[in-house]
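J.: Next input, structure requested:
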Amino acid sequence: MPAPQGPVPPPAIMARLVDEMDWTGTPIGPPGQWPLALRLAADLMLASRFPMCVIWGEARILLYNDGYAPILGPRHPAALGRPVEEAWPELWPQIAPLIARTFAGETLWFEDMAMEVTRHGHPEPAWFTFSYSPLRDALGEVRGLLNTVVETTGRVQAAAALREAEARNRALLESIGDGFFALDRGFRFTHLNPQAGRILGREPEALLGRDMFAAYPGLEGHPFGAFYRRVMARREAEVTRGFYPDHDRWYELRAFPAAEGITVFFRDVTEEHRAAAAIAEREQRLRVMADALPQIVWFAAPDGATTWRNRRWAEFTGAAGEAGFGAVLHPEDLAPARAAWRRSIATGEPYETEFRLREAATGAWRWHLGRAMPARDEAGRIQAWYGTATDMHDQREAREVLARAQDELERRVEARTAELLRAEQALRHSEKLQAMGQLTGSLAHDFGNVLQVVDSGFHLLAGDGLGPEERAQVAEGVGASLENARRLIRQLLAFARQQPLEPVALDLNARLGAMTELLRHSLGSRIALETEFAEGLPPATLDPAQLETAVLNLVMNARDAMPQGGTLLLRTAMEGGRPGLTIADTGEGMDAATMARLFEPFFTTKPAGKGTGLGLAQVHGFVTQSGGDIRVESEPGRGTRFTLVF
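T.: From the prediction side, this is the model:
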């Protein structure tokens, strides 16, 4: 930032800040204790309008004046009294050696030194002209330095920009594709760029200083010669295009008056002229073909203005060739058709819409499909629009008939769907009744068995024909039957999640360990039982009896799935931050259909009389009622894994 120019108010802000600042916490102490050299340097600096700063002591403490504050930018005023390394961290690697040299006694001066500073939230280049002068104490030792600085960023950047602009201008004239030459008032060549020499077939050096009309006699009496003389005389810029027979080429000329004569930009447009002529010829052939088509065909300019319509337009509408479509159009279709056309003109996207045109012969409105595509040049600029209007009245009517038929079909499908939904609801109701019948029948069967055993037992116990040992066996059988009834009730309640649980905080590992002998006995000799109990497992809050019933159910199912023997793994581990139990077997596994119905009550794959189908339903009910989750993984031939997370 350059130093202030012109009259400015006397410096006062930094002097006040220095006076008001509490210096007791800084390495240089309060101003009353400053060495004479520091006080003199500070007074000199604060009284100056020139950007200055003082760097003092081993801590390199920074003091500065009002002129230096703008150079700091947002670091001001926090930089006052701080080490210069903290005030300019990004510059410290660059200025630290210079400061060290000054503290060693050198006086340094630099002009337009480039630095990279961060003052507006991002690094930016800056240039400075500055001096470092040693400040000595009474014994002559260097204790600090005085920095006088001017930021020259603006001047350096302006000079660089000027040099760059001059170089660009020179390069532009030398590199442009157009030829360029300058003529003095005597029509002598004063400058030609390389492209001018290539177009004119002469070396620029061979033409410099020569009279144009002498170098190119064919210009006399040619419109180009009159063009140059006219611009020179009138001092007004002009543009022209024409054929120059001596070169058998077409040229475009742009001439501008200049102080010493005229300047001319020109280019060879022969290929462009031939391409335009070829386009015009193709357009003529296109118009002849378009007149022979049964559709309405039209051309439009890039701005959308219609430039031509074929003969079918006048035959169908009876309108003159110059009449617009809006004169082509049904009142209800006019606004949307125009909106679609304006959108295509604005975006360059193909145009397509449907509208009605009145047929002159019958007076009837007939639907047409209007389409238009843009024609672009090599640069992608739109040069014209080519459009058609095709009679689609019969197709439109057929489409409407089809739409009405489709609506009727959809209505019938909706009615049929509603009917099917009603039938499905009735079927579900029937299935529910069937399930209830299955439930009651199964319960009646199981409880009938229990009651039959109890009834028979009571009759036997009531008679006198049994000895003491036989009475004990009958009583034991009655008790076992009653326990089966209680178990069945517990399973039903667990399935319904209404079993009154008595949860306690239990050690899952210890509880399972106590069951291992029972489980080994239940599995038999052909199935190996393996256990993996995680150490440090937190207590699980569960009903112990229900846990044992659930484990026993899962183990028995695993045993039945391994008729030829196998391995059963009982594993505890933390599952997502909660204690978990995994029971995995190497048995037959289950397919997807079985997995889908796994916890469904009364569903079983076992033969009749081998299970009630409530075992897994009871497990699911117990785990869910206990606030846990159950996960099952299985695949035919690959075994099954139950994971219970509590």
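J.: Give me the pLDDT value at the closest residue in space to T306 that isn't next to it in sequence.
T.: The shortest distance from T306 to any residue other than its chain neighbours is 5.1 Å, reached at A300 (Cβ to Cβ, 6 or more residues apart in numbering). The C-beta positions use only the backbone N, C-alpha and C, and glycine is treated the same way. You'll see A300 listed with a pLDDT of 90.
J.: which residues does L552 contact?
T.: 515, 518-519, 522 (Cβ atoms under 8 Å, 6 or more residues apart in numbering).
J.: who does the residue nearest to T306 bridge with?
T.: Taking DSSP bridges as the rule, A300 bridges to T306, W385.
J.: now it: how far from I382?
T.: For A300, the distance to I382 (Cβ to Cβ, to the nearest Å) stands at 10 Å.
J.: do the same with F316
T.: 27 Å.
J.: elements contacting the longest strand belonging to the chain?
T.: In the chain, with assignment by DSSP state E, the single longest strand is strand 123-136. In terms of contacts (3 or more Cβ pairs under 8 Å, 6 or more residues apart in numbering; DSSP states H and E), strand 123-136 is packed against helix 36-47, helix 92-103, strand 108-118, strand 142-151, helix 153-175.
J.: re earlier: neighbour-wise, which of F316 and I382 wins?
T.: F316 (21 against 16; other Cβ atoms under 10 Å).
J.: residues contacting the more buried one?
T.: 296, 357, 359-360 are the contacts of F316 under Cβ under 8 Å, 6+ apart.
J.: quick one: buried residues of the helix or strand hosting N553?
T.: Per DSSP states H and E: N553 is located in helix 544-560. Neighbour counts using 16 or more other Cβ atoms under 10 Å place 546-555, 557-559 of helix 544-560 among the buried residues.
J.: Excluding sequence neighbours, find me the nearest residue to A301.
T.: Per Cβ to Cβ, 6+ apart, closest to A301 is T307, 5.5 Å.
J.: distance of that neighbour from W298?
T.: 8 Å.
J.: Flag the shaky bits of the stretch 501-646 of the chain, pLDDT-wise.
T.: 602-603, 605-614 (pLDDT under 70).
J.: How about the contacts made by the residue nearest to T306?
T.: The contact partners of A300, by Cβ under 8 Å, 6+ apart, come to 306-307, 372, 384-385, 387.
J.: any idea how far it is from A346?
T.: 14 Å.
J.: lowest-pLDDT helix or strand in this protein?
T.: helix 468-495 (a mean of 68; mean pLDDT, DSSP states H and E).
J.: what lines up beside whichever helix or strand comes after that one in the sheet?
T.: Where DSSP H and E defines the elements, the next helix or strand beyond helix 468-495 is strand 504-506. Its sheet considered, strand 504-506 pairs with strand 540-542 (antiparallel) by DSSP bridges.
J.: tell me how far the partner strand is from the chain's mean position?
T.: 47 Å (Cα atoms, centre = their mean, to the nearest Å).
J.: Would you mind writing the CA trace of the longest strand of the chain as PDB?
T.: In PDB, the C-alpha atoms belonging to strand 123-136 read as follows (Å, rounded to 0.1, in the frame of the first residue of the first chain):
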ATOM      1  CA  PRO A 123      -1.400 -14.700   0.400                       C
ATOM      2  CA  GLU A 124      -0.800 -11.900  -2.100                       C
ATOM      3  CA  PRO A 125       2.400 -10.500  -3.800                       C
ATOM      4  CA  ALA A 126       3.700  -7.100  -2.600                       C
ATOM      5  CA  TRP A 127       6.800  -5.000  -3.300                       C
ATOM      6  CA  PHE A 128       8.600  -2.700  -0.800                       C
ATOM      7  CA  THR A 129      11.500  -0.200  -0.900                       C
ATOM      8  CA  PHE A 130      13.000   0.000   2.600                       C
ATOM      9  CA  SER A 131      16.100   0.500   4.700                       C
ATOM     10  CA  TYR A 132      17.300  -1.100   8.000                       C
ATOM     11  CA  SER A 133      19.400   1.200  10.100                       C
ATOM     12  CA  PRO A 134      21.100  -0.100  13.400                       C
ATOM     13  CA  LEU A 135      20.100   1.600  16.700                       C
ATOM     14  CA  ARG A 136      22.900   1.700  19.200                       C
END
